[in-house]
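*Asks:* Build me a model:
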Amino acid sequence: MTDVNAYYAQLVGAEITAFRLISDEFGEDPWPTFTVKMPGGNVMEMQLSRDPEGNGGGFAFIAPPNTGI
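*Replies:* As a prediction, the model looks like this:
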């Protein structure tokens, strides 16, 4: 099982440098995709999925901290 705390913590200090939507094979449920420059300089891609199995693009809630999302 993946340690989700460690998994997401690797993004601390990363910089989002680009965004695009990537269509799935049916042209539906696009994948929100971010290009991310990691603190060590490596460039990675981060995609938002509706679940850990990758069953389609997902959604991220973006809000100020401590808003109760």
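
*Asks:* ok, the nearest residue to Ile16 once chain neighbours are set aside - how many residues close by?
*Replies:* Spatial nearest neighbour of Ile16, excluding adjacent residues (Cβ to Cβ, 6 or more residues apart in numbering): Phe34 at 5.1 Å. For the C-beta atoms, the positions are set from N, CA and C on the backbone; glycine is no exception. Under the neighbour criterion other Cβ atoms under 10 Å, Phe34 is assigned a count of 17.

*Asks:* now Phe34, which residues is it bridged with?
*Replies:* On the basis of DSSP bridges, Phe34 is bridged to Phe19, Met46.

*Asks:* That one and Glu45 touch, don't they?
*Replies:* Yes: the criterion here is Cβ atoms under 8 Å, and Phe34 meets it with Glu45 at 6.9 Å.

*Asks:* Name the SS class of Leu21, please.
*Replies:* Following DSSP: H, G, I helix; E, B strand; the rest coil, we place Leu21 in the strand state.

*Asks:* Could you pull up the residues touching it?
*Replies:* Applying Cβ atoms under 8 Å, 6 or more residues apart in numbering to Leu21 gives the contacts 30-33, 57.

*Asks:* separation between it and Thr35?
*Replies:* Computed as Cβ to Cβ, to the nearest Å, the Leu21 to Thr35 distance reads 13 Å.

*Asks:* Residues in contact with stretch 32-42: which ones?
*Replies:* Contacts of stretch 32-42 (Cβ under 8 Å, 6+ apart): 10-22, 43-48, 57-60.
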